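A.B. asks: Sequence first, predicted coordinates after that:
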Amino acid sequence: MTVEVLVIGIGSGDPAHLTGEAVAAMNRVDVFLVADKGGAKVDLTTMRTALCETVIHDHAYRVVEVTDPQRGPDAERDQVAYEAGVRDWHQARAKRYAEVIRAETGPVGFLVWGDPAFYDSTIRIVDSVAALGVDLAVTVIPGISSVQLLAARHRLVLNGVGGSVHLTTGRRLVAEYDPGLGDVVVMLDGTLTCARLLEDHPDLQIFWGAQLGLPDEALVAGPLAEVLEEIRAVRLRLRASRGWVMDTYLLRATTPGPG
């Protein structure tokens, strides 16, 4: 039997940011699978549940929490070990999801923060579930990403005229950065790696945002050298309040590239 799986981008979790397609899909799902990461991140499960309660009407559904496998100390690993660790983590997750999905007959949903295309593992994990022999019919529904919210909040166009936008992670930023890349959007940077660029690029501008689309949203913009400590202080305050921080930022060279 084929099980329908809907991978649904939910943006920041604000119902106003859901697309009509996402709302319609959520109203067809019989069971939502949510990773139980424990600790402070139970807040993310609560927010997903609240979102369902807000937008789903006249349709019975369940939210099933699946205990997330232990993930290794990513910051201490080199690139090869990091990629191997992520692959193992994805495979362990897929096995746990497969156990649940095999028992379902109606549509199964995954609610993905932001958009499933940007630094999210859900699509890969669903593919791994299928590789374990579970017959799936998968539909992916886009959502508003943190990149789009960041640009909107700071009233930015994410490129110079005819220029490029480079999307990367904190882990790769120092090795990759060059002003010729154009605007650089950085995700998954819990240690503000951009500070290590200041010696060679002292005139960088930063447009930073955290908890984008949530009530405790925070924005900082300005010369990186001048606002770096403010960003660090805001991150600490948000983490102390909520237990986790989701942030992203744009780096822009003062002197624009060609085009």
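C.D. replies: Yep, it's here.

A.B. asks: Domain boundaries for the chain, per the record?
C.D. replies: Domain assignment for the chain by automatic domain parsing gives 3-141, 146-252.

A.B. asks: Tabulate those in JSON lines, adding columns for mean neighbour count and mean pLDDT.
C.D. replies: C-beta coordinates here come from the backbone N, C-alpha and C atoms, glycine included. JSON lines is the format used below for these (neighbours: other CB atoms under 10 Å; pLDDT from 0 to 100):
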{"stretch": "domain 3-141", "mean neighbour count": "16", "mean pLDDT": "89"}
{"stretch": "domain 146-252", "mean neighbour count": "17", "mean pLDDT": "96"}
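
A.B. asks: Mind giving me the packing neighbours of the strand or helix carrying residue 129?
C.D. replies: Element membership for residue 129 (DSSP states H and E) is helix 122-131. When contacts are defined as 3 or more CB pairs under 8 Å, 6 or more residues apart in numbering; DSSP states H and E, helix 122-131 sits against strand 3-9, helix 79-101, strand 108-112, strand 136-141.

A.B. asks: where's that helix relative to the chain centroid, distance-wise?
C.D. replies: 17 Å (CA atoms, centre = their mean, to the nearest Å).

A.B. asks: same question, stretch 179-196
C.D. replies: 16 Å.

A.B. asks: when you give positions from now on, start the count at 2
C.D. replies: Okay, using 2 as the starting number, the last item reads as stretch 180-197.

A.B. asks: Provide the contact partners of that stretch at residue level.
C.D. replies: 76, 119-120, 147-148, 151, 159-161, 164-172, 174-175, 178, 202, 205, 207, 225, 229, 232-233, 236, 246, 248-254, 256, 258 (CB atoms under 8 Å, 6 or more residues apart in numbering).

A.B. asks: mind running it again at 6 Å?
C.D. replies: For stretch 180-197, contacts defined as CB atoms under 6 Å, 6 or more residues apart in numbering pick out 120, 148, 159-160, 164-168, 170-171, 174-175, 229, 249-254, 258.

A.B. asks: distance between the ends of that stretch?
C.D. replies: Stretch 180-197 has an end-to-end distance of 15 Å (criterion: CA to CA, to the nearest Å).

A.B. asks: now swap in stretch 206-223 and tell me
C.D. replies: 6 Å.
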